[in-house]
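In: got a structure for you, letters missing:
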């Protein structure tokens, strides 16, 4: 028996066939739903205009349209994405450097990278760090590094990787902020977008987070941050590169493990179906 939320969605679009059509799902798949699957809630909300709190009140309580509280691990991940984005896109001001000095790490590789960053956040040397940022990412004509997916993946700017980024951002509803002149495949903008997906800032399905990372960040971000650790102009930014490289490695391995677990679960389900 279908629950009230699913019935509301079906009525809103004029039937099961219409709902399956707007979602791009086979009708038999939708017909067996007893409630809107968790991974489909945001898509159904977008397609039917039925609030997520109505579709799945168990997952999205009324009055909390942003959803359940963010998992502590995801909160840390989002903060790291934002921090790395901020450090590459803009010159760190004195306030940010003071905050960085207060960071604490642990014995893990990531924790050690955080400690290294904190130790290199030289507040009196803010002007030197500003010159370092200019030499690395802006320069006279161009900086020492070109932090764009197109350049790293093709050797040229404004190539196919930028087109793919723009297509996915348009589909998800990510817009470039005012005053940002960099192309959308800039590493800083991509990292900021990942933070938005993690914190559910955009009306995207949960699977979009992994998809965005594997399509637009995984193919080149580790290499970029490794290059940053070796750049001639890098002092403070060598520590930024170390943190970025280690964090990207962790994210890559975590998403790979998630894919492996999903495939195992799918294979197990298929086996059970054959046995039945």
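Out: In hand now; what should we look at? Since we're looking at a predicted model, the values are computed, not measured. Numbering: from 1, shown residues only.

In: so how far is residue 29 from the nearest residue to residue 148 once chain neighbours are set aside?
Out: Of all residues not flanking residue 148 in the chain, residue 185 sits nearest, at 5.1 Å (CB to CB, 6 or more residues apart in numbering). C-beta: built from backbone N, CA, C; applies to glycine. Distance of residue 185 to residue 29, given as CB to CB, to the nearest Å: 35 Å.

In: more neighbours: these two, which one.
Out: residue 185 (27 against 11; other CB atoms under 10 Å).

In: any idea how far the residue nearest to residue 148 lies from residue 169?
Out: 10 Å.

In: any low-confidence regions in the stretch 1-150 of the chain?
Out: For the stretch 1-150 of the chain, applying pLDDT under 70 flags the ranges 61-69.

In: one more time with 50, if that's ok
Out: Counting by pLDDT under 50, the stretch 1-150 of the chain shows low-confidence ranges at 63-66.

In: need the helices for it, in chain order.
Out: Ranges of helices within the stretch 1-150 of the chain are 4-13, 16-23, 27-31, 41-48, 52-55, 72-89, 94-101, 109-120, 126-137, 149-154, based on DSSP state H, counting those that start in this stretch.

In: residues touching the third one, excluding its own?
Out: Around helix 27-31, the neighbours that count as contacts under CB atoms under 8 Å, 6 or more residues apart in numbering are 16-17, 19-20, 23.

In: make CSV out of the helices of the stretch 1-150 of the chain and add distance to residue 192.
Out: As requested, the helices of the stretch 1-150 of the chain are exported to CSV (distance: least, CB to CB, whole Å):
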stretch, distance to residue 192
helix 4-13, 32
helix 16-23, 29
helix 27-31, 35
helix 41-48, 20
helix 52-55, 24
helix 72-89, 4
helix 94-101, 15
helix 109-120, 18
helix 126-137, 15
helix 149-154, 14
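
In: ok, which of the ones you listed comes nearest residue 203?
Out: When the helices of the stretch 1-150 of the chain are compared by CB to CB, helix 41-48 sits nearest residue 203, at 5.2 Å.

In: which outside residues touch stretch 96-105?
Out: Contacts for stretch 96-105 (CB under 8 Å, 6+ apart): 86, 92, 111-115, 117-118, 121-123, 126, 129.

In: show me what contacts the residue nearest to the spatial centre of the chain?
Out: By CA atoms, centre = their mean, the chain has its centre lying nearest to residue 194, at 1.7 Å. Residue 194 sits next to 81, 209, 212-213, 217 when contact means CB under 8 Å, 6+ apart.

In: re the thing from before, by neighbour count, which of the contacts of helix 27-31 wins?
Out: residue 19 (24 neighbours).
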